[in-house]
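Below is the sequence, then the predicted model.
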4 protein chains.
Amino acid sequence: MAFCDTLKTYTLEEAGNYKIHGRTDETQYPLPLFYNGSGVEVNVTGSELWIDVEVNFDTYEPWIWTEINGAFMSRQMLLPGSYPLCLFRGMSPDTVKNVRFCRELQAMSEDNGCRLLVKGFRCDGKFLPVASKRLKLEFIGDSITSGEGTYGAREDMDWIPMYMSVSQNYAKIISDALDAEYRLVSQGGWGVLCGWDNDPRHNITSCYEQICGLAQGEINKRLGAGKAYDFAAWVPDAIIVNLGTNDASAFKQPEWREPESGRTFKQRIQEDGTYHPEDIDRFKEAVVNFLEMVRRNNPSSHIVWTYGMLGYELAIAIADAMDTYQRRTGDSNIAFLQLPNTTGETIGSRTHPGIKSHIRAAQEIIEYLETVYKI
Amino acid sequence: MAFCDTLKTYTLEEAGNYKIHGRTDETQYPLPLFYNGSGVEVNVTGSELWIDVEVNFDTYEPWIWTEINGAFMSRQMLLPGSYPLCLFRGMSPDTVKNVRFCRELQAMSEDNGCRLLVKGFRCDGKFLPVASKRLKLEFIGDSITSGEGTYGAREDMDWIPMYMSVSQNYAKIISDALDAEYRLVSQGGWGVLCGWDNDPRHNITSCYEQICGLAQGEINKRLGAGKAYDFAAWVPDAIIVNLGTNDASAFKQPEWREPESGRTFKQRIQEDGTYHPEDIDRFKEAVVNFLEMVRRNNPSSHIVWTYGMLGYELAIAIADAMDTYQRRTGDSNIAFLQLPNTTGETIGSRTHPGIKSHIRAAQEIIEYLETVYKI
Amino acid sequence: MAFCDTLKTYTLEEAGNYKIHGRTDETQYPLPLFYNGSGVEVNVTGSELWIDVEVNFDTYEPWIWTEINGAFMSRQMLLPGSYPLCLFRGMSPDTVKNVRFCRELQAMSEDNGCRLLVKGFRCDGKFLPVASKRLKLEFIGDSITSGEGTYGAREDMDWIPMYMSVSQNYAKIISDALDAEYRLVSQGGWGVLCGWDNDPRHNITSCYEQICGLAQGEINKRLGAGKAYDFAAWVPDAIIVNLGTNDASAFKQPEWREPESGRTFKQRIQEDGTYHPEDIDRFKEAVVNFLEMVRRNNPSSHIVWTYGMLGYELAIAIADAMDTYQRRTGDSNIAFLQLPNTTGETIGSRTHPGIKSHIRAAQEIIEYLETVYKI
Amino acid sequence: MAFCDTLKTYTLEEAGNYKIHGRTDETQYPLPLFYNGSGVEVNVTGSELWIDVEVNFDTYEPWIWTEINGAFMSRQMLLPGSYPLCLFRGMSPDTVKNVRFCRELQAMSEDNGCRLLVKGFRCDGKFLPVASKRLKLEFIGDSITSGEGTYGAREDMDWIPMYMSVSQNYAKIISDALDAEYRLVSQGGWGVLCGWDNDPRHNITSCYEQICGLAQGEINKRLGAGKAYDFAAWVPDAIIVNLGTNDASAFKQPEWREPESGRTFKQRIQEDGTYHPEDIDRFKEAVVNFLEMVRRNNPSSHIVWTYGMLGYELAIAIADAMDTYQRRTGDSNIAFLQLPNTTGETIGSRTHPGIKSHIRAAQEIIEYLETVYKI
C-alpha cells in the first residue's frame, strides 16, 4: 500500500509513549495481546496513523476494535499475516488524537495457534504521553465477561469469535463510566470449580496466577503466557469476579470423562431436584479457595463477587462461601452483588446476555463501586 | 351533603359483591383496614358511588387512595368522623366500573387510636362480582415496604403519614404487572432481630402470625387485630420478604435501654469496623427462625428474600442464613434476590427509596417471579 | 372538626404573604380560581396548615391537587360547601414549607354554577414571602391543555372532571423544568375558528381578552370573570399556543346548527378528501387574527404555536398562516413547533394524550424554550 | 490469503441470488455502490463467505459496515485495491445466513476518484433468494442524512469519512423498524436552493434525476452515475425529505463567489435580523420546485418533508412552501413533520446529530409512517 509508505515507521520502543492494556509479558517484542480488552493506546499528532500487527490462528480468528478520542470507530476480523492497519487518515495534523487498538476476542484456550501481536506504528506525527485513569479494575469471569452474545442476532448459536467482544461488554461500560483502566481474565464455559460440562480442569483458579494460563502450546509459551503474572505491577482498586454460572450448569450436565485417563467428574443433583450437599460443598470450597488466591495476590483490592446475569441458582451458595471465607480470614473488604438476570428483552446471541443486559449489569456495578469509592 | 342522599345506602353485607384486600378480621363490621394496601374493591354500575367510612386517630391520620378501572384517581388525608366519601360521579350508568378504595398508611404501632373502618356504599347502580387475580403475593417488610419516602420532596424529613404509601410502592407495581392480589405486613424501623435503634421488640417475627400484631391497644383488640391470622384462607403463591435494612442500622446505633426494666440490647461492631461474630450469628439465627415461621404457615408458597434498596451490608449474612435454613430443612423453595441500591437519582423523601427506586426494584422482582411462574 | 379550631384563622389579606396562580380578579374576596392551574401558594412555618374554601357547582365538581415543597401530595374531588381542608399536619414547626393548592379542573363553560373560591388559611405558624420564579409562561389551548385524558384508564370515555388535570399536564411539567410560573387559558372542544363540532362560538379568540370569558352566568359575572384581563400586570416571557386540533375535527363533523336562530356553520371537506380552500382560508385567517390579538396584548412575549399531539392534519395550514402573519406584521418573535403525535403507547383516557404523551411533548417544548432563553 | 482459495469464486451474475440496495446502474460490472446505504445482500448457506471488492479514491476513503442476520457485525475503512474481504467464517454450514455488505460513506461530490465496486463472492455454500421487505423508502437529505456526526467524539471536528454512516443513521433505524428497503440521496452541505456557504450549485434538485449526479468525473461517468435514474423500477412507498438546514445556514454565511465567472450568490438577512423577503421567497420557490420534481418522478409515493434536527429556523417557510405547492397542484399526499432539535444531550461529533438524536428523530418518523400505513 503505497500511501502509508510515506509515513515514518516506529517500533513500540521507538514510539516510546504508549500504554499497554491487559495482562501481557511486557518484555516481549512484538507485544502479544492475549485477552479481550488487551490493547495499546497512544496519544498522537499527525494526519495519519497505522498500526503494524502480526496475526495467526488455527481455527479462531481474532477480532479487534478501535476507538478514537473515546468513541467507537471500527470493528473487524483480522486475517493471518504481518501487515499494517490504518487507524485514521486525513485528520488535522496538529490536534492530539487518543487512539486505542483493542482485541475483541477472549484468550483462546481452544486454539493454541491464535495470536495477535503488535509491532509498532506508522505515523506523520508525534507520540505524546498517555494519561493514567483514575482507577484500575480487574474483571474475572466466564463467557459473560468474554462478551459472548454481545454481537449477533438472537437466533445466532455458533460459538465463533465474531460474537464475542469487549466493545459491548459490561467491563468496558463500567470502566468508561468510572474513568478506569481494566484488565480481563475470562474464558467461556469455565467456572470456579469446573466447567459447564463438569470438566474439572476448566476452573479459572488454575490459571489466575499466570500472565495468561489460558493460552497454551509452544507458541504461547514463547510469548510468555505461562509466566507468573506480576500482581504488584498493576494493583487493581477493585476486582470484579463474575463466576458461578458454569458451575451451576454442571449440575444439569452429564458426567465428564477424560478419554486418556478414564477420570470422571460430576456435580450431582439429587432426586428431589436439589444440589447434592457434598458437591455444593466442594463448589463453596472452590469459591473460598479462589477468594484466598485473589486476596493473597491483591492484598489491598476491594473484591466484589457479582452473579446472576444468567440465573440465580448458586447465589446463596456463593454468598455462603463468602461468609465462610470472611469468618476464616477476617477479611471484610469483599462484597456480594447480585446482577439482574437476562430477560427476553435483554438477551443477545447464543442465549447469552446482549448489550442491553450488559448495560444494565454495568449500571448496578457502577453504582456499587461509586458507593465504595465515594465518587 | 344533599346529593348523595338520593342514592341507595348499602352495608357491605347488603352490597354482597366486594373483595377485601389485606389481612383483616373479615367477621368485623365495620370492616377494619389495618395495613397499607388494605382496602375494598367493587365492580359497580350506576352514575355515582360513595363509600361510608369511620375514621379516628390520636396522632397519625390515615391517608387513602382510590383507583378506577385500574387507574390512580385520588389520594387524600382522612379526618376523624363517620362520613361518606364520593368515589365517582357523573359516569355513564350502564358501564361496569372497577373501583378500589385503599389505605395508604402502614399499620400504626405508634398510634393505638389510629383506625380506618369501612361501613358500606351509596350507589345508584348494582354491585357485580369482582374477578380474582391470577396470583396472590404477600410482602413482608419495613419502612421500604411501608412506602416511606415514595411521596414528598427530597428535603422532607418528617416521619408523617403523608410520605408513606402503597400507591407508589414496589408491592403494588409488581402486583399490577403480574395480575396479582397483594397483602402487606410491614413496619417502618423494624427488623428481623431488632429495630433500627436496637429495640429487640421491633422484630416482624413477633407479629407475623396475628392478623395485625402491629396494631395494639384496646380498640385494635376489639377490631380483631390480635387474633391469629388464618393463613389457609389466602395462600400466597409467593412471599416477598424485604427485611434486614434496620438490622444493619442497629449495628451503628447506640444501645437500646428499656426504661422500666433496665433491659438493654445492642448489635455490636468491633474495633476494626466488622460486625461482632456473636451478634451477626444471632441476626442469622433470627433470619432462620423467621423463615421457619413463614414456611410453617405457608407450606406451598415460594419465598424470596429481597434485600439491598438501602444498602448491601447484610447481604452475605442473609444469604448465609438462608443456606443454613436450607441445609437444616431441605427446603429449596426459597431464593435470595438482591435489589438495586437507592442512588442520588432514585432517592425520595426521608432519605428513603423514591418512586424511581421502587420502580427499579419492582422490575427485578417482576422479572424474577416471571421465571418462577413461567409467565 | 375540633383539632383545627386551635389554629389561628387568617383571611387571605391577613395572611399577607401568598402568591396567586392563574388569571383571576385579584380584587375579589373570596378569591375565585377559574382555570386548571389556578391556585394559591404560601411559604409557612408551623406544624399544621388548613385552607378555607367555598365550593359549588351544578353538574361538574371541581378537583384540586396539592403540592408540598414541590412534590405532589394529594388530589381529590371537592364537594359543595364552605369548609376547611387540611394541607398538612404533624410537621416540624420551624421549617418553612412551600405549599400549593391548585385547581385541576378547567374553566367550565358548560357549568355556570361551578366555582371554587379561597377564603383563607388556618395555621399555627407564620406566612413568609413567596419567591418569584425565573420565567412566566402562558399556555393557551383546548382539551389537551385542560389535561383531558391525563387521568383515567384507556377505556374510560366519560367527559367528567376527574379525568382532567394540571398535575399531569405538559404545562406544569414544562414550568417545573424551567422554573416558571404558568397561567392556562384552555377549553376542551374549542378551536381557533370553531369547536370540534363546527360551533363557531367555541373559539378561544372570543374570550382571550377577558379574565375568564369561558365562565359564564350571573355568579361568574359577580366573581369578575368577564372583566378585561390586565395583560400588563403579568407579562409572559413566552406564550405557548396549542390550538388547531378541534379545528381539524370540525372538517369531519356534521354541520352545526343553532336551534334558536337557525344559523349554521361547517368546515367543508371536498369530494377528493381535501379541505375546501375557502374553509381552510378562513381557518388560516382565524390563526392570523388570533396571533394579532395575542401580540397586541403581549408586545414582548415570544409566541410559539405548538401542534400535533392529536394529529398533524393542519400543520401546514397553521405554519402557512404564521407565515402570512409574519409577512403582514414583520413580527419574527414567533415560532412553530410540531409536537409528537400521541401513540398507542402514550395515549390516556378518552382517546386523549396520556401522561406519557404530555411528558414527551413537554420535553420538546422545554428543549425549544431552552434555546430561546439560553438556559 | 491461502484459506479463501479453497472456496468457490462467484461473479455477481454467477451468484444469481442477491439483492442490490441503493440507486446504481445495475447494468454495470463490477457493481458500483455510490451512496451510503448502498450495498448488496445475500442469503447463503456454507461455513464461510467472502466478498470481492474493488476500491479506490483520491482523498476520501470509503468505509463499509456488515450485518449478519440483521445484526451489526463489522465496520471498517477500505483501502485501495482489488481484494476479497471475509464476511464470516466458521459458521454452521447448513443454516441460511442473511448477510449485508453496505457502504457507510455518502456519495462523494468532492472526490471524483472515490469508488467502491462489488465483483462477487467466495463461498462454500449456496446463494438462495433474498426476500423483499414490506415497504420501500427513499431518504433525501444533507449531512444529517449522510450520517455526519453519528460516529466520533463530540470534540471531533474533521470532515472525514469515518464520522459518516448509514449504520447509525435515522434512515436505517426507520427502515429496520418498518421492515423497509431504503435508498438515500444525500450530500453534506447541500440544500434545496443552495449550499450552507451560499453555493447555488449545491442544491439536491440538480442531481435528483440522475442515478448519482453527485458523483462527477470521468470514472463515475463510466460507472453510470450520470445516467437518468429509472424511477419506475423501484417505487418508494414514502419519500422522506430532510432538507433546509443548509439553506438556513446560508443566510448567516458570507456571499459565495465563483472564481472563474465572478458570479455571486447570497441569501440575505436584513438589518433587523429577519430574512430578506426576496430571498426567503426564492427559497420557498425552490422547495415548491423540488416537490414538483419529486412528485413528477414518483406519482404514487407519500412525501413527508422532515425538518428540525439542527434548528427550526425555516420551519414556517418550508411549511408555507408546501402549502403553496398544495394549492398549485392539489396534491394532498404530502406532510410536514418537524423533528426534535439536537440538544447537548443528543449531539454527536462535528456539532452534528449523534446517534441519540437520530434515534429520537427516527422514532417520530416511524410513528408518523405507522399512521400512514396503518401498521
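Perfect, I can see it now.

Which positions in chain A make contact with chain B?
With Cβ under 8 Å from any Cβ of the partner chain as the criterion, chain A comes near chain B at residues A:272-274, A:277, A:308, A:312, A:315-320, A:322-323, A:326-327, A:330, A:332, A:335-338, A:340-341, A:343, A:364, A:367-368, A:370-371. C-beta coordinates here come from the backbone N, C-alpha and C atoms, glycine included.

check contacts around the residue of chain A found nearest chain C.
Closest approach between chain A and chain C, counting by Cβ to the nearest Cβ: residue A:345, at 15.3 Å. With contact set as Cβ atoms under 8 Å, 6 or more residues apart in numbering or on different chains, residue A:345 has these partners: residue A:356.

So which bits of the helix or strand hosting residue A:360 are buried?
Using DSSP states H and E, residue A:360 sits in helix A:355-373. If you call a residue buried by 16 or more other Cβ atoms under 10 Å in any protein chain shown, then helix A:355-373 has these buried ones: A:355-358, A:360-369.

again with stretch A:108-127
Taking 16+ other Cβ under 10 Å as the criterion, stretch A:108-127 shows A:108-109, A:111-112, A:114-125, A:127 as buried.

now do stretch A:273-286
So stretch A:273-286, judged by 16+ other Cβ under 10 Å, has buried residues A:275, A:279-280, A:283-284, A:286.

what about the helix holding residue A:360, near chain D?
No. Using Cβ under 8 Å from any Cβ, helix A:355-373 never reaches chain D; the gap is at least 10.1 Å.

Report all helices and strands that the helix or strand containing residue A:316 contacts.
Assigned by DSSP H and E, residue A:316 belongs to helix A:315-329. In terms of contacts (3 or more Cβ pairs under 8 Å, 6 or more residues apart in numbering or on different chains; DSSP states H and E), helix A:315-329 is packed against helix A:277-297, strand A:302-307, strand A:334-338, helix B:315-329, strand B:334-338.

for it, the distance to its chain's centre please.
25 Å (Cα atoms, centre = their mean, to the nearest Å).

Please tabulate the helices and strands packed on helix A:315-329 in TSV, including the columns distance to residue D:42 and mean pLDDT.
Converted to TSV, those look like this (distance: least, Cβ to Cβ, whole Å; pLDDT from 0 to 100):
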stretch	distance to residue D:42	mean pLDDT
helix A:277-297	47	98
strand A:302-307	41	98
strand A:334-338	44	97
helix B:315-329	51	96
strand B:334-338	46	97
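
To residue C:71, which of those lies closest?
Distance to residue C:71, taken as Cβ to Cβ, is lowest for strand B:334-338 among the helices and strands packed on helix A:315-329, at 28.7 Å.

how far does that closest one sit from the chain's center?
On Cα atoms, centre = their mean, the centre of strand B:334-338 falls 19 Å from the chain's centre.

ok, now stretch A:58-75?
That offset, for stretch A:58-75, works out to 14 Å (Cα atoms, centre = their mean).

Could you tell me what pLDDT the model assigned to the residue in the stretch 251-375 of chain A positioned nearest to chain D?
Residue nearest to chain D within the stretch 251-375 of chain A: residue A:349 (7.2 Å; Cβ to the nearest Cβ). Note on residue A:349: pLDDT of 98.

Hmm, residue A:152 and it touching each other?
Yes. The pair residue A:349 / residue A:152 is scored as a contact, 2.9 Å apart, by Cβ atoms under 8 Å.

Return every residue with contacts to both of these two.
By Cβ under 8 Å, 6+ apart, the residues touching both residue A:349 and residue A:152 are A:163, D:71.

Helices of chain A, start to end?
A:12-15, A:170-178, A:217-222, A:245-250, A:277-297, A:315-329, A:355-373 (DSSP state H).

Which residue lies nearest the spatial centre of chain A?
residue A:184 (3.0 Å; Cα atoms, centre = their mean).

if I look at that residue, how far off is chain D?
21 Å (Cβ to the nearest Cβ, to the nearest Å).

That residue pairs with what?
residue A:139 (DSSP bridges).

In terms of pLDDT, where does it sit?
98.

Make sure it is actually in contact with residue A:165.
No. With contact defined as Cβ under 8 Å, residue A:184 does not count as touching residue A:165 (11.1 Å).

who touches both of the two?
residue A:36.

For burial, what's the neighbour tally of the closest residue to chain B within the stretch 51-200 of chain A?
Proximity of the stretch 51-200 of chain A to chain B (Cβ to the nearest Cβ) peaks at residue A:177, 13.0 Å away. Residue A:177 is flanked by 16 other residues according to other Cβ atoms under 10 Å in any protein chain shown.

same thing with residue A:228?
Neighbours around residue A:228, by other Cβ under 10 Å: 10.

Same question for the one 5 residues further on.
In terms of burial, residue A:233 registers 8 neighbours under the definition other Cβ under 10 Å.

Excluding residues flanking it in the chain, which one is nearest residue A:324?
residue A:288 (5.5 Å; Cβ to Cβ, 6 or more residues apart in numbering or on different chains).

end to end, how far does stretch A:228-239 reach?
Taking Cα to Cα, to the nearest Å, stretch A:228-239 runs 19 Å from one end to the other.

actually stretch A:326-337, not the one I typed
For stretch A:326-337, the end-to-end distance is 16 Å (Cα to Cα).

quick one: contacts of it?
A:288, A:291-292, A:295, A:301-307, A:318-319, A:322, A:325, A:364-365, A:368, A:372, B:272-274, B:277, B:312, B:315-316, B:319, B:338.

Could you give me the buried positions within that stretch?
For stretch A:326-337, by 16+ other Cβ under 10 Å, it's A:326, A:331, A:334-337.

from those, which two are the most distant?
A:331 and A:337 (16.5 Å).

ok so, going back, now which of the contacts of stretch A:326-337 would you call buried?
A:288, A:291, A:295, A:301-307, A:318-319, A:322, A:325, A:364-365, A:368, B:312, B:315-316, B:319, B:338.

re earlier: any chance of the buried residues of stretch A:273-286 in CSV, plus distance to residue B:172?
Formatted as CSV, the buried residues of stretch A:273-286 follow (distance: Cβ to Cβ, whole Å):
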residue, distance to residue B:172
A:275, 35
A:279, 41
A:280, 37
A:283, 38
A:284, 38
A:286, 42
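
which among those gets closest to residue B:30?
residue A:275 (51.3 Å).

Going along the chain, name the strands of the stretch 101-250 of chain A.
A:115-123, A:127-128, A:135-141, A:180-186, A:238-242 (DSSP state E, counting those that start in this stretch).

I figured residue A:41 was touching residue A:87, is that so?
No. With contact defined as Cβ under 8 Å, residue A:41 does not reach residue A:87; the gap is 11.2 Å.

any common contacting residues for the two?
Joint contacts of residue A:41 and residue A:87 (Cβ under 8 Å, 6+ apart) are A:99, A:101.

Of those two, which one has the most company?
residue A:87 (25 against 18).

residue contacts, the closest residue to residue A:113 other than its chain neighbours?
Of all residues not flanking residue A:113 in the chain, residue A:58 sits nearest, at 3.7 Å (Cβ to Cβ, 6+ apart). By Cβ under 8 Å, 6+ apart, residue A:58 lies in contact with A:111-114.

Closest one to residue B:233 out of those, please.
residue A:111 (62.6 Å).

do you know how far that closest one is from residue D:88?
As judged by Cβ to Cβ, to the nearest Å, residue A:111 and residue D:88 stand 17 Å apart.

For the nearest residue to residue A:181 once chain neighbours are set aside, give me phi and psi.
Residue nearest to residue A:181 in three dimensions, not counting chain neighbours: residue A:133, with 4.6 Å by Cβ to Cβ, 6+ apart. Backbone torsions of residue A:133, given as degrees, to the nearest 10, read phi -90, psi 170.

Quick check, pLDDT for residue A:133.
Confidence score, pLDDT, at residue A:133: 96.

Also the one 5 residues further on?
Taken from the predicted model, the pLDDT recorded for residue A:138 is 98.

looking at it, it is touching residue A:235, isn't it?
No. Residue A:138 is not in contact with residue A:235 according to Cβ under 8 Å; the separation is 9.5 Å.
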